[in-house]
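[1] Quick one: sequence and predicted model below, then my questions.
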Amino acid sequence: MKLSREFYRDRDALVAARDLLGKTLVTSFQGRRTAGIITETEAYLGVNDRASHAYGGRRTARNETMYADGGTAYIYLCYGIHHLFNVVVLGPDEPHAVLIRAIHPTEGLDIMLERRGQQKLTTGGPGTLSQALGIHTSHNGSDLVTGPIHLEDGGMVVERADMIIGPRIGVDFAGEDALLPFRFRYESGRVGQVLPYTPT
DNA sequence: CAGCAGATTGACT
DNA sequence: GTCAATCTGCTGC
């Protein structure tokens, strides 16, 4: 069933990043429904997190949506090319967000393949999953409770033993905050552990 | 206003 | 392993 407004308001980005593993991300544009199970997330903890776009209370046209109410989609363009999808949590003016980094496709595989324009369907990165699901920066600010993008609880339970926790990717500019274990990945059969820090 | 780096990806040496 | 693609925002002239 669809996640409610309260789900998004009632937890900060760190807790939400963990709780969103195993949930289903669904898009429905022009009657074309595509979906996948969330397998990797990252938490961005608002104004005190140096890796966050909202660090220090920064507010620009691009990151304005981070300050919206919980249950809003924050979608921004990364490296001028990739449309990265984030789930805003907590209340207005509490700019916490969870970046969805990977999904396991479950519905509309043919549509996703067509959108990707590749021979093989890959949704293992934040840019590729957005393209597969048809998510675009034009959907920035979309309401996840009433809009064309939403999340569902499909009853999947992600156990701690199948969860890998490690530092976030591509945030070396954030100094010591780059080391924080704010990335969560579902990997069946693996023992829960903290990944070693490996600068890229 | 110019330069640069960034929550990335895929093509290529 | 290297590098180009190309939009936003920050820094410095």
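    In hand now; what should we look at?
[2] drop to CA atoms for contacts and neighbour counts, all remaining ones
    Will do.
[3] Find me the pLDDT at the spatially most central residue of chain A, would you?
    Centroid-nearest residue in chain A, with Cα atoms, centre = their mean: A:Ile100, separated by 1.9 Å. A:Ile100 carries a pLDDT value of 98.
[4] Assess the claim that it and A:Tyr44 are in contact.
    No - using Cα atoms under 8 Å, A:Ile100 is not in contact with A:Tyr44; the gap is 11.1 Å.
[5] which residues touch A:Asp69?
    By Cα atoms under 8 Å, 6 or more residues apart in numbering, the contact set of A:Asp69 is A:Arg9, A:Val88, A:Val89, A:Leu90, A:Gly91, A:Pro92, A:Asp93.
[6] Out of the residues you listed, which end up buried?
    With neighbours counted by 16 or more other Cα atoms under 10 Å, these contain buried members at A:Arg9, A:Val88, A:Val89, A:Leu90, A:Gly91, A:Asp93.
[7] So which of the residues you listed belong to strands?
    A:Val88, A:Val89 (DSSP state E).
[8] could the buried ones among the contacts of A:Asp69 go into CSV alongside pLDDT and distance to A:Gly154?
    Converted to CSV, the buried ones among the contacts of A:Asp69 look like this (pLDDT from 0 to 100; distance: Cα to Cα, whole Å):
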residue, pLDDT, distance to A:Gly154
A:Arg9, 98, 20
A:Val88, 98, 20
A:Val89, 98, 20
A:Leu90, 98, 22
A:Gly91, 96, 25
A:Asp93, 97, 30
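[9] and chain A, which of its residues are near DNA strand B?
    Applying Cα under 7 Å from any atom of the strand, one finds that chain A approaches DNA strand B through A:44, A:51-54, A:78-82, A:84, A:86, A:97-99, A:101, A:122, A:124-129, A:169-173.
[10] Helices - which of the residues you listed land there?
    Secondary structure assignment by DSSP state H places A:Pro126, A:Gly127, A:Thr128, A:Leu129 of the residues of chain A next to DNA strand B in helices.
[11] Closest to A:Arg116 out of those residues?
    Nearest to A:Arg116 out of these is A:Thr128 (Cα to Cα; 7.6 Å).
[12] and that closest one, what does it touch?
    A:His82, A:Arg116, A:Thr122.
[13] If we only consider these, which is nearest to A:Val15?
    Nearest to A:Val15 among the contacts of A:Thr128, with distances taken as Cα to Cα, is A:His82, at 25.8 Å.
[14] so what's the residue lying closest to the closest one once chain neighbours are set aside up against?
    Nearest residue to A:His82, sequence neighbours excluded (Cα to Cα, 6 or more residues apart in numbering): A:Gly127, at 5.0 Å. Contact analysis of A:Gly127 by Cα under 8 Å, 6+ apart lists A:His82, A:His83, A:Leu84, A:Arg101.
[15] In CSV, list the contacts of A:Asp69 along with distance to A:Asp153.
    Output for these, formatted as CSV (distance: Cα to Cα, whole Å):
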residue, distance to A:Asp153
A:Arg9, 16
A:Val88, 17
A:Val89, 16
A:Leu90, 19
A:Gly91, 21
A:Pro92, 24
A:Asp93, 26
